[in-house]
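Undergrad: Turn this into a structure:
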Amino acid sequence: MKNITEFLDYLNISRIFMSVFYLYLNNLIKERCFNMKKNKGGAIGYVILVIAIVAVILASMATFVQGNTAQARFQKENREGYYLARSGVEMMYEHLRKNNLMQEFIDKDAIPGVEFKNYRFSGGGNGAVDVTATAVDVPKSDNRIVTIQSIAKLDNSSNQEVLSLRFELAVVRDKDDPSKKVLDGTTPMRDFKWSR
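TA: Model (predicted):
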């Protein structure tokens, strides 16, 4: 919205400038038309002045367009990085869920071999992700907080996007063996939070 406002302000200033310039030239032409015999060759100065003013206006518009193009490219790369990082998080979450690896986070802070380094999705794309999953204890509880972090790096950009998903594993004591911890059967995962 800021760019639109700046552009409209720029257009208003340009209109005011052109109106004043038109009035000035109109008065000059009226003055000089009646005295053409005295000022032979005077028109070339006006032509050069008009060309210079048009060149300044075109140069300022080119700068404005170039700035907007750079900003649009940055926003596109930022959006692509976000979705690439989100895909990495969702891929890890599904990997942990489908392979019943959530249970292993009850006693371990990290599961050896469960990480994706420089992973490229099969659908193509223009970047890679590094995805890790770790767990920490919840104070005064058997529950654990699992964090899945994905770092997306685009091929043609120096930008990288970091996205994390945190959720709590509800851990309960086994009814048959109270020394053994298991995931709660009703709501094993809860309190999902995304962060950038």
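Undergrad: shaky segments in the protein?
TA: Across the chain, the ranges flagged by pLDDT under 70 are 1-15, 17-18, 28-42, 122-125.
Undergrad: so where do the helices sit in it?
TA: Remark: helices of the chain, listed N- to C-terminal, are 2-33, 43-98; assignment by DSSP state H.
Undergrad: Work out the gap between the last one and the centre of the chain.
TA: On the basis of Cα atoms, centre = their mean, to the nearest Å, helix 43-98 is displaced by 12 Å from the centre of the chain it belongs to.
Undergrad: any idea how far the spatially most central residue of the chain is from residue 133?
TA: A centroid search over the chain (Cα atoms, centre = their mean) returns residue 78, at 2.7 Å, as the residue closest to the centre. According to Cβ to Cβ, to the nearest Å, residue 78 stands 25 Å off from residue 133. (Glycine included, C-beta is placed from N, CA and C.)
Undergrad: returning to that earlier point: tell me the contacts of the residue nearest to the centre of the chain?
TA: Under the criterion of Cβ atoms under 8 Å, 6 or more residues apart in numbering, the contact partners of residue 78 comprise 159, 161.
Undergrad: how far away is it from residue 162?
TA: As judged by Cβ to Cβ, residue 78 and residue 162 stand 12 Å apart.
Undergrad: got it, and residue 90?
TA: Taking Cβ to Cβ as the measure, residue 90 and residue 162 are separated by 15 Å.
Undergrad: same deal with residue 72?
TA: The gap separating residue 72 from residue 162 is 23 Å, by Cβ to Cβ.
Undergrad: again with residue 49
TA: Summarising the geometry, the distance separating residue 49 from residue 162, computed by Cβ to Cβ, is 55 Å.
Undergrad: So residue 154 sits against residue 81, correct?
TA: Yes: A contact is recorded between residue 154 and residue 81 when judged using Cβ atoms under 8 Å, the distance being 5.7 Å.
Undergrad: Using TSV, please lay out the helices of the chain together with distance to residue 158.
TA: Output for these, formatted as TSV (distance: least, Cβ to Cβ, whole Å):
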stretch	distance to residue 158
helix 2-33	23
helix 43-98	9
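Undergrad: what about those, which gets the closest to residue 111?
TA: Nearest to residue 111, of all the helices of the chain, is helix 43-98, at 8.2 Å by Cβ to Cβ.
Undergrad: Leaving aside the residues adjacent along the chain, what's closest to residue 150?
TA: By the measure of Cβ to Cβ, 6 or more residues apart in numbering, the closest residue to residue 150 outside its immediate chain neighbours is residue 88, 3.4 Å from it.
Undergrad: residues contacting the one you found?
TA: With Cβ under 8 Å, 6+ apart as the criterion, the residues that contact residue 88 are 116, 119, 129, 130, 131, 150, 151, 152, 163.
Undergrad: Distance to residue 105 and neighbour count added to those residues, as CSV?
TA: Putting the contacts of residue 88 into CSV (distance: Cβ to Cβ, whole Å; neighbours: other Cβ atoms under 10 Å) gives the following:
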residue, distance to residue 105, neighbour count
116, 17, 17
119, 21, 15
129, 21, 27
130, 19, 18
131, 15, 24
150, 17, 25
151, 21, 18
152, 24, 25
163, 20, 23
